[in-house]
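>>> quick one, what's the 3D model for this:
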Amino acid sequence: MKVFSARDMLAELVRFDTTSRLSNLPLIDFVENYLDQFGVPYIRVDYEDGRKTNLYATIGPDVAGGIVLSGHTDVVPVDGQDWQSDPFTLTERGGKLYGRGTADMKGFIAVALALVPRFIKMKLKTPIHLALSCDEEVGCRGVRPLLAHLRDHLKQPRAAFIGEPTLMKVVNGHKSAVTFNTEIKGHEAHSSLTDQGVNAIMVAGEVLTEINSLRQELIAIGDPSGRYDPPYSTIHVGLIKGGTAKNIIPRHCEFQWETRLLPNADRNLVPARLEALRLKLEPGMKAVAQDVGISTKSINEVPGLMPEPDSEAEHLALHAAGANATHAVSYCTEAGLFQSIGIPSVICGPGNIEQAHKPDEYVEESQLALCETYLLKLAESCL
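Take a look at the predicted model:
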């Protein structure tokens, strides 16, 4: 049996290029071979058959009431980034371990896997589950079939601990993220005959003006809890395309945008306002041509994480981390998805989110040591 230190395990995980556009199967094969040495049972729940999968392993008895240690295996691209060392070779400089995914979030996975032999020796009364997912970086998509399978077919854990980088602080709240696609269908005409056309780009401008007004309103509402940075819900437009030529009234304009709402914000405010604007604008558009319209669809939603101060997840995490306060973050994780199927969840993991997605991403070795202590204390709750 080969036993790994957390650092050695991290080196193994980093060498797999699991950028979200690629398969994560080679990494999962490696983890399965490692777990086989210790007789740890696991299942795969595929996201894309033959290309992307999730792994769910169980250490200890197959009973309800265990805990989940959850982390995503995919990473963001390194394309165009200026790295001082190979991003897929773990490199140590001054107590910092450099490589893509070291902070986000193979560091946490490495510690959890390295501790498997010690977990086994603890003679657990309730299990520790390892949930390794795919395609988190593109909207927390890959973990969804795993969670559906867990909800419908497996014994329910009592808490989930997501190891996103928090500098080992306990996080019990994060914003939601909803991605929208708005499509404007106009009517083409010569640019000198504006009365005979419906300009999709000009209509899009009115919709964007409304979105910007909503952005300002959300800033004014602010964050009553005072926990989030920035201290309000946000709206952002990221992509736009439309038109054919400067002398053709454009028949098409499309843009993608997102909301990142505080977990207790009114989720219906933005969609309702966009629908009211559609009802206001479309009659004038259809007076020119019938094959026109405005369509806004939600194309991905990651729920926010609501604080649950009395949950076992929070109590266990605070005790294990030696902390007496919880924190909130603005980025999204699968914690809200675990919570949505009735499993209390918190976030706590090694590394700093400020290092994520950047060239020369790193995690400090001291953070891995703190994570090891934290996970061993969580394991004690299963005795």
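
>>> strands along the stretch 101-250 of the chain, start to end?
Here the stretch 101-250 of the chain has its strands, by DSSP state E, counting those that start in this stretch, at 128-133, 159-162, 171-174, 177-185, 234-242.

>>> against K121, how distant is L316?
21 Å (Cβ to Cβ, to the nearest Å). Glycine gets a C-beta too; all of them are placed from N, C-alpha and C.

>>> more neighbours, those two?
L316 (21 against 8; other Cβ atoms under 10 Å).

>>> just the element for that one, please.
If you go by DSSP states H and E, L316 is part of helix 312-321.

>>> same deal with D46?
strand 42-48.

>>> contacts made by that strand with the rest, please.
28, 32, 35, 52-58, 130, 134-135, 141-142, 144-146, 149 (Cβ atoms under 8 Å, 6 or more residues apart in numbering).

>>> tell me which strands and helices the helix or strand just after it is in contact with?
Sequence-wise, the next helix or strand beyond strand 42-48 is strand 52-59, with elements assigned using DSSP H and E. The contact analysis (3 or more Cβ pairs under 8 Å, 6 or more residues apart in numbering; DSSP states H and E) places strand 52-59 against helix 25-37, strand 42-48, helix 116-121, strand 128-133, helix 143-153.

>>> from the ones you listed, which stretch is densest packed?
Among these, strand 128-133 has the highest mean neighbour count (mean count of other Cβ atoms under 10 Å), at a mean of 25.

>>> that one relative to strand 52-59, how many degrees between them?
170 degrees (axes from the mean of the first three to the mean of the last three Cα atoms, to 10 degrees).

>>> strand 128-133 - contacts with which helices or strands?
Using 3+ Cβ pairs under 8 Å, 6+ apart, strand 128-133 sits against strand 52-59, strand 67-72, helix 107-114, helix 143-153.

>>> strands paired with that strand, and their directions?
strand 52-59 (antiparallel), strand 67-72 (parallel) (DSSP bridges).

>>> what about it, distance to the chain center?
16 Å (Cα atoms, centre = their mean, to the nearest Å).

>>> compute the inter-axis angle for that strand and helix 25-37.
Going by the same axes, to 10 degrees, strand 128-133 makes 170 degrees with helix 25-37.

>>> so what touches strand 128-133?
Contacts of strand 128-133 (Cβ under 8 Å, 6+ apart): 28, 31, 42, 54-60, 66-73, 109, 112-113, 119, 142-143, 146, 157, 160, 334, 378-379, 382.

>>> quick check: mean pLDDT across the helix or strand following the helix holding L316?
Next along the chain after helix 312-321, taking DSSP H and E as the criterion, comes strand 327-329. The average pLDDT within strand 327-329 is 96.

>>> quick check: buried residues in strand 327-329?
327-329 (16 or more other Cβ atoms under 10 Å).

>>> about what we covered before: need the helices and strands packed on strand 128-133 in TSV with mean pLDDT and distance to K358, can you?
Below are the helices and strands packed on strand 128-133 laid out as TSV (pLDDT from 0 to 100; distance: least, Cβ to Cβ, whole Å):
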stretch	mean pLDDT	distance to K358
strand 52-59	98	25
strand 67-72	98	18
helix 107-114	98	15
helix 143-153	98	24
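
>>> of those, give the one that comes closest to Q196.
Counting by Cβ to Cβ, Q196 lies closest to helix 143-153 out of the helices and strands packed on strand 128-133; the figure is 46.7 Å.

>>> what helices and strands are in contact with that closest one?
strand 42-48, strand 52-59, strand 128-133, helix 335-340.

>>> tell me the gap between the first one and the middle of its chain.
Read it as strand 42-48. For strand 42-48, the distance to the chain centre is 18 Å (Cα atoms, centre = their mean).

>>> would you put the C-alpha positions of that strand in CSV?
These are the backbone C-alpha positions of strand 42-48, laid out as CSV (Å, rounded to 0.1, in the frame of the first residue of the first chain):
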residue,chain,number,x,y,z
TYR,A,42,-17.1,3.9,-4.1
ILE,A,43,-19.5,4.6,-7.0
ARG,A,44,-19.4,6.8,-10.0
VAL,A,45,-22.3,9.0,-11.1
ASP,A,46,-21.6,10.2,-14.6
TYR,A,47,-22.3,13.7,-15.8
GLU,A,48,-21.1,13.1,-19.4
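
>>> direction included, what does that strand pair up with?
strand 52-59 (antiparallel).

>>> so S85: helix, strand or coil?
coil (DSSP: H, G, I helix; E, B strand; the rest coil).

>>> which residues touch it?
91, 98-99, 360.

>>> which of these fall in strands?
Secondary structure defined by DSSP state E assigns 91, 98 of these to strands.

>>> can I get the buried part of the contacts of S85 as one ChimeraX selection?
With 16+ other Cβ under 10 Å as the criterion, this ChimeraX line picks the buried residues out of these:
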select :91,98,99,360
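
>>> what's the closest of the helices and strands packed on helix 143-153 to S5?
Per Cβ to Cβ, nearest to S5 of the helices and strands packed on helix 143-153: strand 128-133, 17.6 Å.

>>> mean confidence for the closest one?
98.

>>> ok, L147 to S70 distance?
10 Å.

>>> now list whatever residues contact both of these two.
Joint contacts of L147 and S70 (Cβ under 8 Å, 6+ apart) are 334, 338.

>>> contact partners for A328?
171-174, 225, 227-228, 307.

>>> actually Y56, sorry about that
42-45, 129-132, 146, 149-150, 154.

>>> make it 7 Å
42-43, 45, 129, 131, 146 (Cβ atoms under 7 Å, 6 or more residues apart in numbering).

>>> would CSV of those with distance to T373 be doable?
Below are these laid out as CSV (distance: Cβ to Cβ, whole Å):
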residue, distance to T373
Y42, 25
I43, 29
V45, 31
H129, 20
A131, 21
L146, 28
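
>>> quick check: the farthest pair among the residues you listed?
V45 and H129 (12.5 Å).

>>> dihedrals phi and psi, R260?
Backbone geometry at R260, expressed as degrees, to the nearest 10, gives phi -130, psi 100.

>>> neighbours of it, how many?
Residues near R260, counting by other Cβ under 10 Å: 23.
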